[in-house]
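Novice: Sequence first, then the predicted structure, then my questions.
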Amino acid sequence: MKKKLLLSSIAVALSAQVAALPALAADATPSQSAVNVGEVNGTASSAKLSEYDKKTAPLHQTLTNKQVFQSTQSVVTLNEENKKMISPNSGAAGLLATAPGVHIMSENPQNGSGRYNITINGMGIGWWSGNTYRNQISVLFDGVPMNNQITNDGQWNSSQIPILTMIHGVNVVYGPGNPQQRWYDSMGGTINFVPLQPTEKFNAKANLSFGSYGSKTASFSVNTGAFHGWSTVLAGGYTSANSFFQGPSNWPQHSWSVYMKTAHPFSNGLFTLGFYYEKSDATHSLTVPVTPISGYTVNGYGKPGQLLSQQTSGFYYVPSADLWYKDDIVDSWILYSQQLFDLGAGWQLKNTPWYRHAYRLHQAYFNYGATTYNPEAAEHYAPTNNSFGDRLDVTLHSHYNDVALGGWLSYQQYDTNEELWNPYLGTSQQNPYVYNNVEINSLFSDLFAQDTAKLLHGNLRITPGLALAGFYTSMSDLINPDTTATYITATPGAKTNFTRLEPSVGINYRITKNFSIYANYSETYQNETDLAYGAYLQSIKINPADIPITKAQDYEAGLRFHDNTLNAGINYYHDYLTNLLNGVSGSVTQFNASGYNLGNAVYQGVNAYVKWKPVWQLYLYGSANVQHSYYTSDHNNSGQSFDGMRLAGIPHYSFNISASYKIRVPGGIVEPTISDQYSGGQTLYDNVSGGPTNETINAYNLVNLSANYQTVAFNQLIPGVRKTTFTLGLYNLLNRKYESDIYLATGGYDPTEKPSLFAYAGAPLQIFGSVSVKF
């Protein structure tokens, strides 16, 4: 009897799903309309909008293709189609890598918990020592800044966005952008992760995935729908994995995040309150020699055993965590609010206050050669920063003009303490060899005005803008009088106060219905990181009068095409940056910089993208970047010149291509997706000299293949289910061996050691399966 009931239920479900196939196809077709709430702002369906949808439209910040087409700036948007190109446990960096001109490197590229270095057209944010400058990109969550304002080694970690299912879309602005879009680290670009937003109707989603090397990811989202005028979205997730590295240790990593936002529209405006929390914990080894080096074995420096290198001990082999070990913990949260008011006659006011707390903990133990050399073999590094700020914009939207007036203030207190020791030499965390304890207070501000004039029936848009940027920084040393340990920072303290005008202009001209051309120019400034103030520099005292400010002159021009099926763009960029700061580390076991270079550089190239959906079944995507960036003036502490040399860590050319096709099958729709990510050769970095070399790293390409199956078969079996999606994917399908990061350095165990290649291997072939249930 039970079997008959089950068969009957399945039969009912199968008949229901056949009727629902058109709905599945309709879900796959994106809305082509938008609510215009600014030049580069806001999305929503304009068809039969309810009063609630109209009031909350400004919350939906993911750019539409039409808004990109009309923009005077170089911008792209990433969405669900881009997510199909990456594994289900990928974090922020994996998604960003699908955009043109974006390159990522990692020390443990297994899931969203690991740290990645990210560059946009060569300008970076992250931890890699080869960056000419580490704080060139502003990262936002729902329009709120996530960057540490001053640190040289942890301004933003990609692990702070470990769960992508709560992210609705990503806006990427190349270059500083218009004044209204700009933040304190927007010199190279601005990335806005737009999360799910409160909706008028209830909906929910649950996601689960498993994969290679013990990878597990679970996430959910729930939207309450409108209740007495309030609507709330709650989302969260957890991801964990062991590393693909081979050897005695697993190198586990895990992270989780939770997000909540509530919205309440009222007669002439909107109130929201948002909260986001994340915590990640990732372990990793040090880099491994590419070729064998005398003294380096799998058992430790100078100890008997097989020589340690990718060639001898294995491409993916790393020594035991008892020999090389580092644990990176990132713990942060943001509390923010958005208040929007309709002032009448086209005027609107938006106010966004926020508070952010962030804590990092680095624990490392380099026992590989600690008995013979290196008094700084162990590290405890626990910086904390607290920041708060407010942004106020007043805008006028009229037939001929879009005017924006406003500004923001952002204050941060950054406390950074560190102890370094070697137990074999009689020191400990409580009685370290050296220590550091610095407090840095910074107050950054910006006042701006811009006006988008809409001429020739709206076909010509000209946006002149002017901003007044202010940067105040004060560093104080908190020396412990009761310790005999050496204090790291030689500079007793420093203060700077910079104020600069930032002019800009952007133009967009729609030459035909489907083609537009655009160009823009801007001058922007940025405060140097704490390294320029002498933080962690033990043998160099900094004169505050010599601390510079970085300046960027950005030129961009491009061509775009837009219609209902095809969106494409090509962009030329030329950025001239002066007073670029780059720390010099020397060895792979050296925690802090021994000095820094200060130079000038040109970043220039061409990038392009294509998004084409000729029929509802087929989607094609491509992006590419060709770049030649070089120093016009740069030298290290020894006087070695790098003038004219290409910048390191930037692919000379790269591209992404992807194709997916929906196929109706019994019970639902199958959609296979194949993608290829190619990274061309890039200039090798020398950690010892602190600059680029004339050597080029090998190019590589990664092919991914996945397929998802969307069905309504479970709608009748599980109450409330609207759609179920199963996905199976193979990533690095061809099992390419490539370096996720590579540079020249010494191990730090022998003062006479010559520089050699050290690297982190990239991930091999991996398999993932996932299921997603929509309610």
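Specialist: Perfect, thanks for sending it. Numbers count the residues shown, from 1 in each chain.

Novice: What residues sit buried inside stretch 633-650?
Specialist: By neighbour count, with 16 or more other CB atoms under 10 Å as the criterion, the buried positions of stretch 633-650 are 634, 635, 636, 642, 645, 646, 647, 648, 649, 650. Placement of C-beta: from N, CA and C, glycine included.

Novice: should've said stretch 238-252
Specialist: The neighbour-count criterion (16+ other CB under 10 Å) identifies 239, 240, 241, 242, 243, 244, 245, 247, 249, 251, 252 as the buried residues of stretch 238-252.

Novice: Run a quick neighbour tally on residue 358.
Specialist: 25 (other CB atoms under 10 Å).

Novice: Can you pull the phi and psi angles for it?
Specialist: Note on residue 358: its backbone torsions stand at phi -140, psi 140 [degrees, to the nearest 10].

Novice: quick one on the thing from earlier: tell me which of the buried residues of stretch 633-650 has the lowest pLDDT.
Specialist: Across the buried residues of stretch 633-650, the bottom pLDDT score, 78, is held by residue 636.

Novice: The nearest residue to that residue once chain neighbours are set aside - how many residues pack around it?
Specialist: Ranked by CB to CB, 6 or more residues apart in numbering and with sequence neighbours excluded, the top spatial neighbour of residue 636 is residue 690, at 4.5 Å. The local packing of residue 690 (other CB under 10 Å) involves 26 other residues.

Novice: Verify the stated contact: residue 690 with residue 635.
Specialist: No: with contacts defined as CB atoms under 8 Å, residue 690 does not count as touching residue 635, sitting 9.3 Å away.

Novice: what sits in contact with each of the two?
Specialist: Residues within reach of residue 690 and of residue 635 at once, by CB atoms under 8 Å, 6 or more residues apart in numbering, are residue 597.

Novice: mind checking how far the helix or strand hosting residue 677 is from the chain centre?
Specialist: Residue 677 belongs to strand 668-679 when elements are defined using DSSP states H and E. The chain centroid and the centroid of strand 668-679 are separated by 23 Å under CA atoms, centre = their mean, to the nearest Å.

Novice: List the pairing partners of it within its sheet, with orientation.
Specialist: On the basis of DSSP bridges, the sheet neighbours of strand 668-679 come out as strand 653-661 (antiparallel), strand 663-665 (antiparallel), strand 700-711 (antiparallel).

Novice: so which of the ones you listed comes closest to residue 324?
Specialist: Across those, the minimum distance to residue 324, taken as CB to CB, is reached by strand 700-711, at 24.9 Å.

Novice: chain center to the closest one, what's the gap?
Specialist: Going by CA atoms, centre = their mean, the spacing between the C-alpha centre of strand 700-711 and its chain's C-alpha centre is 22 Å.

Novice: List the buried residues in it.
Specialist: Neighbour counts over strand 700-711 (16+ other CB under 10 Å) mark 700, 702, 703, 704, 706, 707, 708, 709, 710, 711 as buried.

Novice: For the very next helix or strand once past it, which outside residues touch it?
Specialist: Tracing the chain C-terminally past strand 700-711 and defining elements by DSSP H and E, one meets strand 723-731 next. Among residues not part of strand 723-731, those counted as contacts by CB under 8 Å, 6+ apart are 24, 27, 86-88, 209, 702, 704-715, 763, 765-774.

Novice: any idea how far strand 723-731 is from the chain center?
Specialist: Centroid displacement of strand 723-731 relative to its chain, using CA atoms, centre = their mean, is 25 Å.

Novice: now stretch 522-538
Specialist: Here the centre of mass of C-alpha atoms in stretch 522-538, compared against the chain's by CA atoms, centre = their mean, lies 21 Å away.

Novice: same thing with stretch 144-159?
Specialist: Between the mean C-alpha point of stretch 144-159 and the mean C-alpha point of its chain there is a distance of 10 Å (CA atoms, centre = their mean).

Novice: No further questions, thank you.
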